[in-house]
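Novice: heads up, no residue letters with this:
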């Protein structure tokens, strides 16, 4: 086996440039074939990849939630060394407790969304299946698609009426959304009676300018124009003595790390 | 050699799904430095299909796929020198 591998290695190096060029052409052709298949199939390959990713995300987060995170796993291993029998009992209780906690958390999140569903016809409750903090350029995936009536441009709203994003790409069962404050996104907002244009800066932060002396304060809500939802709260105001305008930083009062459910509100119902 | 490549490949896949986007490019670059790792082009394609949406402000379509291909091409002379040593 080792001899075979060594021979392979040698021949691979011997073939050098011609071999590399052949592989490059094959890789290029396969990539073009995949992209063409996706294009012709109306995004079928893309949807398949996303469904696969959703399956992995849900499996991974399900496992972490059931075991209560990795530090607890370590604790359990130590307990097992001390007393295996006692550990089984503790595990059983801990499992039930954590399950209860998860259900309670989900219940609270869903209860908060019920109000939104009642207020806006056609609202769809969805689960965030991708971690928002890992997403490139502020993209995240939600577990609702065209089959639930989701369409492009719909608002993604977290509990307490805080808009966090817009649906940008709709699949059959899952959709991708962009955060309101994703880089280069522009959002019209309203603060203290003044219309402002908020530019996304990424990392859940938006920035806008407002004439000096405007009646604003830290923690004040910035509304999303044309909707009854908030876009965020004022987190920082930057100005110098000479400036005619103040630069205001705004962020949504949402803990994206623990956000589980969102409501997708169709635009016509607003 | 193979174990390192497989480990880095798996790390790239995990980074696409669970870690900030730049970690994928870090692992891809690490693969491209040492091996002619064509798999990163396809991983880039998966990245694009998962996260890059229409209307995003990129200058080219499939930016992650192209970046992965460029990484492979850019490190080719370096890999050749490594092999000849």
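Specialist: Okay, I see it. Since we're looking at a predicted model, the values are computed, not measured. Numbering: from 1, shown residues only, chains lettered A, B, ... in the order given.

Novice: Find the closest residue to chain A in chain B.
Specialist: The minimum distance from chain B to chain A, using C-beta to the nearest C-beta, falls at residue B:21 (3.6 Å). Glycine gets a C-beta too; all of them are placed from N, C-alpha and C.

Novice: Quick check: that residue touching residue B:51?
Specialist: Yes - if you go by C-beta atoms under 8 Å, residue B:21 and residue B:51 touch, sitting 7.0 Å apart.

Novice: residues contacting residue A:260?
Specialist: Contact analysis of residue A:260 by C-beta atoms under 8 Å, 6 or more residues apart in numbering or on different chains lists A:105, A:106, A:109, A:127, A:128.

Novice: min pLDDT across those residues, which one?
Specialist: Least confident by pLDDT among the contacts of residue A:260: that is residue A:109, with 69.

Novice: what about the helices in chain B?
Specialist: For chain B, applying DSSP state H gives helices covering B:2-18, B:21-34, B:39-51, B:63-74, B:76-84.

Novice: Enumerate every residue touching residue A:222.
Specialist: Neighbours of residue A:222 in contact, by C-beta under 8 Å, 6+ apart: A:189, A:190, A:191, A:196, A:198, A:230, A:231, A:232, A:233, A:234, A:250.

Novice: Redo those as a markdown table? Include secondary structure, neighbour count and distance to chain B.
Specialist: Formatted as a markdown table, the contacts of residue A:222 follow (DSSP: H, G, I helix; E, B strand; the rest coil; neighbours: other C-beta atoms under 10 Å in any protein chain shown; distance: C-beta to the nearest C-beta, whole Å):
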| residue | secondary structure | neighbour count | distance to chain B |
| --- | --- | --- | --- |
| A:189 | strand | 22 | 20 |
| A:190 | strand | 17 | 24 |
| A:191 | strand | 23 | 26 |
| A:196 | strand | 23 | 21 |
| A:198 | strand | 26 | 16 |
| A:230 | strand | 22 | 24 |
| A:231 | strand | 27 | 19 |
| A:232 | strand | 27 | 21 |
| A:233 | strand | 16 | 25 |
| A:234 | strand | 20 | 26 |
| A:250 | strand | 27 | 21 |
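
Novice: want to throw the residues you listed into CSV with pLDDT?
Specialist: Output for these, formatted as CSV (pLDDT from 0 to 100):
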residue, pLDDT
A:189, 91
A:190, 89
A:191, 89
A:196, 90
A:198, 92
A:230, 88
A:231, 89
A:232, 90
A:233, 89
A:234, 90
A:250, 91
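
Novice: nearest to residue B:59, of these?
Specialist: Distances from residue B:59 to the contacts of residue A:222, taken as C-beta to C-beta, are shortest for residue A:198 (24.4 Å).

Novice: hey, what's that closest one bridged with?
Specialist: Bridge pairing for residue A:198 (DSSP bridges) gives the partners residue A:187.

Novice: where does residue A:183 land in three-state SS?
Specialist: Secondary structure, DSSP: H, G, I helix; E, B strand; the rest coil: residue A:183 is coil.

Novice: How many residues are close by residue A:197?
Specialist: 13 (other C-beta atoms under 10 Å in any protein chain shown).

Novice: Quick check: the gap between residue A:146 and chain B.
Specialist: In this view, residue A:146 and chain B are 16 Å apart by C-beta to the nearest C-beta, to the nearest Å.

Novice: Excluding chain neighbours, what is closest to that residue?
Specialist: residue A:170 (5.2 Å; C-beta to C-beta, 6 or more residues apart in numbering or on different chains).

Novice: any idea how far the one you found lies from residue A:37?
Specialist: Taking C-beta to C-beta, to the nearest Å as the measure, residue A:170 falls 20 Å from residue A:37.

Novice: now do residue A:169
Specialist: 18 Å.

Novice: So those two - more neighbours on which side?
Specialist: residue A:169 (21 against 12).

Novice: that's a helix at the more buried one, yeah?
Specialist: No - counting by three-state DSSP, residue A:169 falls outside a helix, being strand.

Novice: Would you mind listing where the chain has pLDDT under the threshold?
Specialist: No chain was given, so I picked chain A. Where chain A drops to pLDDT under 70, the residues are A:1-17, A:63-83, A:85-86, A:88, A:109, A:111-122, A:131-137, A:268-270.

Novice: wrong one, I was asking about chain B
Specialist: B:1, B:85.
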